[in-house]
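Peer 1: I would like to see how this sequence folds:
(2 chains)
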Amino acid sequence: MQALYAQLLVGLINGSFYALLSLGLAVIFGMLNIINFAHGALYMMGAFVAYFLLNLGGINYWWALLLAPIIVGIFGMILERTMLQWLTGLDHLYGLLLTFGIALIVQGVFQNYFGSSGLPYAIPDQLKGGMNLGFMFLPVYRGWVVIFSLVVCLATWFLIEKTRLGAYLRAATENPTLVRAFGINVPRMITLTYGLGVGLAALAGVLSAPINQVRPLMGADLIIVVFAVVVIGGMGSIMGSIITGFALGVIEGLTKYFYPEASNTVVFVLMVLVLLVKPTGLTGRAA
Amino acid sequence: MPETAMTEAPVKAASGGNILQVRNLEAWYGESHILHGINFDVNAGEVVTLLGRNGAGKTTTLKSIMGIIGKRAGSIKFNNQEIIRATSDKIARMGIAFCPEERGIFSSLDVRENLLLPPVVRAGGLPLEQIFDLFPNLKERLNSQGTKLSGGEQQMLAIARILRTGASFLMLDEPTEGLAPVIIQQIGHTIARLKKEGFTILLVEQNFRFASTVADRYYVVEHGKIIDGFANAELAANMDKLHTYLGV
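Peer 2: Okay, here's the model as predicted:
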C-alpha cells in the first residue's frame, strides 16, 4: 500500500509539471495560435536560471521562483517580438517548425556548455525533510510543489476567466482585429501573453530543479508527454489543461503501480482514445 | 447614372463643425483595389448615411476609417488630425467607435463582459443606467453568453458597448440587417436619441427607407467611389436616381 501512495505522489508531482506546462501551452495557443515547441527548452531555461542565480549570484530558491519566470519570460517576449509575430495568419506548421528550431538551438547551446548530465540544485532548507502521514511518508518539498502548482494554475485560470484583463485575452483570441478597434493594444497583449506562458514554463523549471536536477534535455524529455496532455485536454482550454495535467499525472502514477510496463505509454494510449472519440479533446471546442 | 466620381464633398450640413474629412481614400484587400478615391465630410452632430449596393465599398470605407484594412492611401482627418497611418487602437482612443456588420459579439464572454469590454477612451460615455434605459433587454440578459442572444439583442449589445466608451463618433455598419421590423424601429429610435445626445453617426445602410428616418445626409457609393450626395430634405426629389443607384 505504501508503494501505491508513493506512486500516487509521484503522479501528482508529474501532474503538477504537466499542468503548469500545458497551461502555458494552452494560453499561448489560444492567443497566438502557435504550437510552442520551444516550451520544453524554456522550462529547462527556468531551471538553469535558478541554478545560475544560486551559484553565480547567491540568490536563493525563493527569489528564483520570482526572478527566473521574469527573466525567461522577457527572453520569450523578445522571441515573440523578433520572430513569432511574423507568423500571424500563417499555417500552424510554420510556428511549429520555428519553435522546434528554437528549442533545438537553445538545448544545443546549453548542452554544448553543460553536457548532458544533471547539475545539482539543493532543496531549500525550509522545505527539507518530510512528514509521516500515518499511511505514507510525505517529503515536504514534493507536497509544496503540488500545492504551489495548484495555486498558480488556479490563479492563472482566475486571471483569464474572471478578470477584465482575461476578458480582453479571451475576446482577442476570437477576434483580435475588433478588440484592437476598441482601443486595446493587441500586439502588446500578445507579447505579454507569450511572456506569461513562457514564465509558467520557467516556474515549472524552478520547481523541478531540486527534484530532477538541472539538465539541458530535461524539457525535451517532458514536452512530448505535455503535448499529449494538451491534446487530451483540448487545445486552448485553460481549465481542461489544468485538470487533464493533474489527472494524467495520477493515471501515470497508478499505471506504474499496477502495470509498470505500460507507464510510459498510457498517456499516449489515452490520447489516441480521446482523439478517436472526441477529436477536439475533452474540454476543447471545435475550431 | 453619373460617369465620374465626385472629387469634392458634395453636401455641407448647416450645423456643426467638420469632424471627419475623407479625401481621395483608396483601399486594398490584398491585391484587390476596392476604394478608388472616396471623398466626403461628416459634420459634428449629424447622422450621415452611406448608401449603395452590395460590394460597392461602404463597409470598406468604414473599415478604412477605423484602420482595420490591409492597405489604405489618401487622407482621413478626424477633428483635423490625420489618421490615415494610425493603428486602429489609436484611432479608437481618439474617439471613433465601430459597430461591425457581423456585430462581433464574443462567444467566450457573457453579456456583461461583452458590454464592459471596450475600454473607456475618454469622458462623456453613457453610464450603464442610461444604456439599460435604451436597451432594457440587455439588463435582463447580463449573465447569458453573448452569442445566445437573439439577433436583435446582439445588435443592441453591439451598439450599447460602444456607447460607454466616450467615443463621440459612431460608425454603424448595417445595424438593421436581418432584423424584424419592430427591432428595426427600436434601432431607429435609438439612433435618433443618440443624435439628440450629441453623437455624430456615420451609418452604412442598404435599407434607405430605414435610413430616411434617421439620416441628415446621404452619400451614394458605387464601385469604390462616391457618385452622389444629397440632404434628407432632397430625398423625395432624388428618389428616381436612388432607385437606379440601388437597383430597387
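
Peer 1: Mind giving me the packing neighbours of the top helix by length along chain A?
Peer 2: Longest helix in chain A, counting residues (DSSP state H): helix A:2-32. With contacts taken as 3 or more CB pairs under 8 Å, 6 or more residues apart in numbering or on different chains; DSSP states H and E, helix A:2-32 sits against helix A:39-57, helix A:140-162, helix A:164-174, helix A:186-212, helix A:218-233, helix A:238-258. To be clear about C-beta, it is placed using only N, CA and C from the backbone, and glycine gets the same treatment.

Peer 1: how about the ones you listed in a markdown table, adding mean pLDDT, mean neighbour count and distance to chain B?
Peer 2: Formatted as a markdown table, these follow (pLDDT from 0 to 100; neighbours: other CB atoms under 10 Å in any protein chain shown; distance: least, CB to the nearest CB, whole Å):
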| stretch | mean pLDDT | mean neighbour count | distance to chain B |
| --- | --- | --- | --- |
| helix A:39-57 | 97 | 24 | 23 |
| helix A:140-162 | 95 | 17 | 9 |
| helix A:164-174 | 92 | 20 | 4 |
| helix A:186-212 | 95 | 24 | 7 |
| helix A:218-233 | 90 | 23 | 17 |
| helix A:238-258 | 91 | 22 | 11 |
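
Peer 1: what would those helices look like in TSV with distance to residue A:79?
Peer 2: Formatted as TSV, those follow (distance: least, CB to CB, whole Å):
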stretch	distance to residue A:79
helix A:39-57	9
helix A:140-162	20
helix A:164-174	19
helix A:186-212	8
helix A:218-233	15
helix A:238-258	21
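
Peer 1: Tell me which of these lies nearest to residue B:111.
Peer 2: Checking the helices and strands packed on helix A:2-32 against residue B:111 by CB to CB gives helix A:164-174 as the closest, at 11.9 Å.

Peer 1: How far does that closest one sit from its chain's centre?
Peer 2: 21 Å (CA atoms, centre = their mean, to the nearest Å).

Peer 1: Name the residues that touch it?
Peer 2: The contact list for helix A:164-174 (CB atoms under 8 Å, 6 or more residues apart in numbering or on different chains) reads A:27, A:30-31, A:158-161, A:178-180, A:184, A:186, A:189-190, A:193, A:236, B:106-109, B:113, B:116-117.

Peer 1: Would you mind extracting the C-alpha trace of stretch B:71-79 into CSV?
Peer 2: The C-alpha coordinates for stretch B:71-79 follow below in CSV (Å, rounded to 0.1, in the frame of the first residue of the first chain):
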residue,chain,number,x,y,z
LYS,B,71,-3.6,48.9,-47.1
ARG,B,72,-5.0,52.4,-47.4
ALA,B,73,-4.0,55.7,-49.1
GLY,B,74,-5.3,59.2,-49.2
SER,B,75,-6.3,61.4,-46.3
ILE,B,76,-8.7,60.8,-43.4
LYS,B,77,-8.8,63.7,-40.9
PHE,B,78,-10.7,63.3,-37.6
ASN,B,79,-11.0,66.6,-35.7
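
Peer 1: Any idea how far it is from the middle of the chain?
Peer 2: 16 Å.

Peer 1: Stretch A:158-172 now?
Peer 2: 20 Å.

Peer 1: ends of that stretch, how far apart?
Peer 2: End-to-end span of stretch A:158-172 (CA to CA, to the nearest Å): 17 Å.

Peer 1: For residue B:83, grab phi and psi.
Peer 2: Phi and psi for residue B:83, reported as degrees, to the nearest 10, are phi -120, psi 10.

Peer 1: Please report how far it lies from chain A.
Peer 2: With distances taken as CB to the nearest CB, to the nearest Å, residue B:83 is found 13 Å from chain A.

Peer 1: residues touching that residue, list them.
Peer 2: Contacts for residue B:83 were tallied using CB under 8 Å, 6+ apart; they are B:65, B:67, B:76, B:77, B:90, B:91, B:94.

Peer 1: cool, residue B:115 as well?
Peer 2: B:128, B:131, B:138, B:142, B:157, B:160, B:161, B:164.

Peer 1: Can you name the next helix or strand after the helix or strand harbouring it?
Peer 2: Per DSSP states H and E: residue B:115 is located in helix B:111-116. With elements assigned by DSSP H and E, the helix or strand that comes after helix B:111-116 is helix B:128-134.

Peer 1: Alpha carbons only: can I get that following helix in PDB?
Peer 2: Only the C-alpha atoms of helix B:128-134 are listed here, as PDB (Å, rounded to 0.1, in the frame of the first residue of the first chain):
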ATOM      1  CA  LEU B 128     -24.800  51.900 -17.700                       C
ATOM      2  CA  GLU B 129     -28.100  53.100 -16.300                       C
ATOM      3  CA  GLN B 130     -28.700  55.100 -19.400                       C
ATOM      4  CA  ILE B 131     -27.600  52.200 -21.600                       C
ATOM      5  CA  PHE B 132     -30.100  49.900 -19.900                       C
ATOM      6  CA  ASP B 133     -32.700  52.600 -20.300                       C
ATOM      7  CA  LEU B 134     -32.100  52.500 -24.100                       C
END
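
Peer 1: Flag every residue of chain B that's near chain A.
Peer 2: Listed as neighbours of chain A in chain B under the rule CB under 8 Å from any CB of the partner chain: B:66-68, B:87-89, B:91-93, B:97-98, B:100, B:104, B:106-109, B:113, B:116-119, B:121, B:162, B:165.

Peer 1: Now do the strands in chain B.
Peer 2: All strands of chain B, identified by DSSP state E, fall at B:18-29, B:32-43, B:47-51, B:71-78, B:81-82, B:96-99, B:169-173, B:200-205, B:217-222, B:225-231.

Peer 1: wait, what's in contact with residue A:72?
Peer 2: Contacts of residue A:72 (CB under 8 Å, 6+ apart): A:42, A:45, A:46, A:49, A:198, A:199, A:201, A:202, A:205.

Peer 1: change it to 7 Å
Peer 2: A:42, A:45, A:46, A:49, A:198, A:199, A:202 (CB atoms under 7 Å, 6 or more residues apart in numbering or on different chains).

Peer 1: follow-up on the earlier one: for the contacts of residue B:83, which two are the farthest from each other?
Peer 2: Once CB to CB is applied, those give B:77 and B:90 as the farthest pair, at 14.4 Å.

Peer 1: Need phi/psi at the residue of chain B most remote from its centre.
Peer 2: Within chain B, the residue lying farthest from the chain centre (CA atoms, centre = their mean) is residue B:143, at 27.9 Å. Per-residue torsions, residue B:143: phi -100, psi 0 (degrees, to the nearest 10).

Peer 1: any idea of the pLDDT on it?
Peer 2: pLDDT for residue B:143: 90.

Peer 1: From residue B:114, how far out is it?
Peer 2: Per CB to CB, to the nearest Å, residue B:143 is found 11 Å from residue B:114.

Peer 1: Please enumerate the shared neighbours of those two.
Peer 2: Joint contacts of residue B:143 and residue B:114 (CB under 7 Å, 6+ apart) do not exist.

Peer 1: List the buried residues for whichever helix in chain B runs longest?
Peer 2: Across chain B, the longest stretch assigned as helix under DSSP H is helix B:181-197. Of all the residues in helix B:181-197, those buried under the rule 16 or more other CB atoms under 10 Å in any protein chain shown are B:183, B:184, B:186, B:187, B:188, B:190, B:191, B:194, B:195.

Peer 1: any idea how far residue B:154 is from the closest residue to the last one other than its chain neighbours?
Peer 2: When you say that, I think you mean residue B:195. Closest residue to residue B:195 apart from its sequence neighbours, by CB to CB, 6 or more residues apart in numbering or on different chains: residue B:47 at 5.4 Å. Distance from residue B:47 to residue B:154, counting by CB to CB: 22 Å.

Peer 1: Counting neighbours around each, name which of the two comes out higher.
Peer 2: More crowded of residue B:47 and residue B:154, by other CB atoms under 10 Å in any protein chain shown: residue B:47, with 23 against 20.
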